[in-house]
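A.B. asks: turn this into a structure:
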Amino acid sequence: MMPQVPDLMLEMLEKQYGAAEKEKILAGFVRRRVTLRINTIKTDFQAVAAELDAAHIRWEAVPWYADALVLPDVREDAVRALPMYEKGEVYLQSLSSMIPPLLLSPQAGESVLDMAAAPGGKTTQMAALSGNGALITACEKNKIRSERLQFNLDKQGVKRVNVMNEDARQLSDLFRFDKVLLDAPCSGSGTVIIEEGEPPRRMTADWLKKTANTQKALLKKALTLLSAGKTMVYSTCSILEMENEDVLRAVLPAFRAEVVPVTHPMMEHLPLLPVKIPGTVCVRPDEKHEGFFAAVIRKNK
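C.D. replies: The predicted model follows:
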């Protein structure tokens, strides 16, 4: 029998979005197509497309990101078997998770903090976007995950990244960064996949409250470490207001911080959910995208 989405999540989705939008969200909890990011530190679009063609793997371009491809007919194992994967020339990554680094737009010479970096998809993407020139501090509190992060950085040919096996909330307030990426730990409410044999996702009111409190603490630390006048990105793979807009409302006023409206070309192509804070982005899950929230924030003091 097909498992159900947790009752609490169904209630929250209907309260937040209404019955019709909730049904669209549930219809998007399907097995997603394989997507990858071309690692421009080591290769380019033409070389990757040629290797996929030679392997008879059909690919589709992504209109809002030239370094991303959708592979509609294969599973991830087919990509892992390719030489370019072994050489770190491509990275298996969901399209939605590519959004925060694009919004942050790290540049060569900038100091960047990645507060919850493992396994390294966004860290390596930021390195590539900056031409391997950004000075990135990547935090991961779990030792095994931090080792996996370092492995992926090495495999992708990433330079100028300092991996810290540390809870980012414990970083000294004396640090200052030009940009901060906080892809916060969350309920994963946007990444549910309903299929036979998969157990229901754990979700209780107490657990969600604890998760939201962690997100608020991390955002406070992010804004403390962000230099005045600079920007950061807050993101989650959740589509629940209590982990997204509510977190921003609770934290931003104390730092005289404000949301900078997203104007990226991606906005014309993404399946979007309504948001309670104008200028933020919430992606509706579908066969190509995980549910995802992102906000660009400027610190004004």
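A.B. asks: next, the buried residues of the helix or strand hosting Ala128.
C.D. replies: Per DSSP states H and E: Ala128 is located in helix 121-129. Neighbour counts over helix 121-129 (16 or more other C-beta atoms under 10 Å) mark Gly121, Lys122, Thr123, Thr124, Gln125, Met126, Ala127, Ala128, Leu129 as buried. For every residue, glycine as well, the C-beta is placed using N, CA and C.
A.B. asks: and for stretch 48-62?
C.D. replies: Val48, Glu51, Leu52, Ile57, Trp59, Val62.
A.B. asks: need the buried residues of helix 121-129 in CSV (columns: distance to Glu241).
C.D. replies: What follows is the buried residues of helix 121-129, written out as CSV (distance: C-beta to C-beta, whole Å):
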residue, distance to Glu241
Gly121, 25
Lys122, 23
Thr123, 28
Thr124, 31
Gln125, 27
Met126, 27
Ala127, 32
Ala128, 32
Leu129, 29
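A.B. asks: okay, and which of the buried residues of stretch 48-62 map to strands?
C.D. replies: Val62 (DSSP state E).
A.B. asks: packing partners of the helix or strand hosting Thr211?
C.D. replies: Thr211 is part of helix 205-225, with elements assigned from DSSP H and E. The contact analysis (3 or more C-beta pairs under 8 Å, 6 or more residues apart in numbering; DSSP states H and E) places helix 205-225 against strand 177-183, strand 226-236, helix 245-251.
A.B. asks: hey, which of those is tucked in deepest?
C.D. replies: strand 177-183 (a mean of 24; mean count of other C-beta atoms under 10 Å).
A.B. asks: where in the stretch 201-301 of the chain is pLDDT low?
C.D. replies: Scanning the stretch 201-301 of the chain for pLDDT under 70 picks out 201-202.
A.B. asks: quick one: secondary structure of Met242?
C.D. replies: helix (DSSP: H, G, I helix; E, B strand; the rest coil).
A.B. asks: nearest spatial neighbour of it, chain-adjacent residues omitted?
C.D. replies: Once flanking residues are discounted, Met242 sits nearest to Ala212: 5.3 Å by C-beta to C-beta, 6 or more residues apart in numbering.
A.B. asks: and Gln46, how many neighbours?
C.D. replies: 9 (other C-beta atoms under 10 Å).
A.B. asks: so where does it fall, helix or strand?
C.D. replies: Assigned by DSSP H and E, Gln46 falls in helix 45-54.
A.B. asks: wait, Thr123 sits on Leu149?
C.D. replies: Yes - counting by C-beta atoms under 8 Å, Leu149 is a contact partner of Thr123 at 6.9 Å.
A.B. asks: what touches both of these two?
C.D. replies: Ala117, Ala138 (C-beta atoms under 8 Å, 6 or more residues apart in numbering).
A.B. asks: name the SS class of the most centrally placed residue in the chain, please.
C.D. replies: Centroid check for the chain by C-alpha atoms, centre = their mean gives Ser97 as the closest residue, at 3.2 Å. Following three-state DSSP, we place Ser97 in the helix state.
A.B. asks: contacting residues around it?
C.D. replies: Gly121, Lys122, Asp183, Cys237, Glu290, Phe292.
A.B. asks: go on, Val259?
C.D. replies: With C-beta under 8 Å, 6+ apart, Val259 has these contacts: Leu248, Leu252, Ile277, Pro278, Gly279, Thr280, Ala295, Val296, Ile297.
A.B. asks: could I get those as TSV with distance to Ser111 and secondary structure?
C.D. replies: Below are these laid out as TSV (distance: C-beta to C-beta, whole Å; DSSP: H, G, I helix; E, B strand; the rest coil):
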residue	distance to Ser111	secondary structure
Leu248	24	helix
Leu252	22	helix
Ile277	27	coil
Pro278	30	coil
Gly279	25	coil
Thr280	25	coil
Ala295	21	strand
Val296	18	strand
Ile297	17	strand
